[in-house]
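1. Mind looking at a prediction? Sequence and model below.
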Amino acid sequence: MNKRHAKILGNFLEDMLQISTSKLFPGFFYRSRAHAMVILLITKSHIEERDVGFEEICEIIPKHISSRTTIKTILDDGIKYNYFKKIKSNKDKRKKIYFPKEEIISFMYSWIQRNNEIFKNT
């Protein structure tokens with residue numbers, strides 16, 4: 001590694017520190033690895049036009065990173081803070097599907113752009 005890499009790592013750290021202290025969605029996103037993984041999974045599924053429910057999320061995120069209870073709490077908090085919406089599946093009425101709200105999609109696109117800017121110098 002060289003000084004250029006150190007600068008990139010510093011820029012990424014600075015960005016994480018800046019947005020993780022927010023009381024709004026950015027702080028929620030960076031609250032834990034599990035939060036980030038749940039949000040990334042829900043947003044990715046939405047962009048790919050795939051349904052994702054609680055059981056799929058629990059299957060994808062390793063148990064040593066997050067328990068089912070923690071995932072459920074993240075989802076419930078996301079609904080409570082109006083970051084996600086939850087609807088019944090058309091295919092299986094027992095299944096609840098999670099979607100990111102529009103402001104979350106906008107944040108994630110700008111987050112991708114910021115990270116592209118940070119890492120483009122590698």
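-> That came through, no problem. Numbering: from 1, shown residues only.

2. Tell me which residue is most central in this structure.
-> Ile39 (2.3 Å; Cα atoms, centre = their mean).

3. any idea how far the nearest residue to that residue once chain neighbours are set aside is from Lys7?
-> Of all residues beyond its chain neighbours, the one nearest Ile39 is Phe29 (5.4 Å), with distances taken as Cβ to Cβ, 6 or more residues apart in numbering. Heads up, the C-betas are built off the backbone N, CA and C, glycines and all. Distance, Phe29 to Lys7, by Cβ to Cβ, to the nearest Å: 24 Å.

4. Which one's more surrounded, those two?
-> It is Phe29, of Phe29 and Lys7, that has more neighbours when counted by other Cβ atoms under 10 Å, with 22 against 12.

5. tell me the pLDDT at the more buried one?
-> We have a pLDDT of 95 for Phe29.

6. isn't the residue nearest to the centre of the chain right up against Tyr30?
-> No. If you go by Cβ atoms under 8 Å, Ile39 and Tyr30 don't touch, sitting 9.6 Å apart.

7. returning to what we had before: so the residue nearest to the centre of the chain lies in a helix, does it not?
-> Yes. Ile39 sits within a helix when classified using DSSP: H, G, I helix; E, B strand; the rest coil.

8. For it, give me its contacts.
-> Phe28, Phe29, Gly78, Tyr83, Pro100, Ile104, Met108 (Cβ atoms under 8 Å, 6 or more residues apart in numbering).
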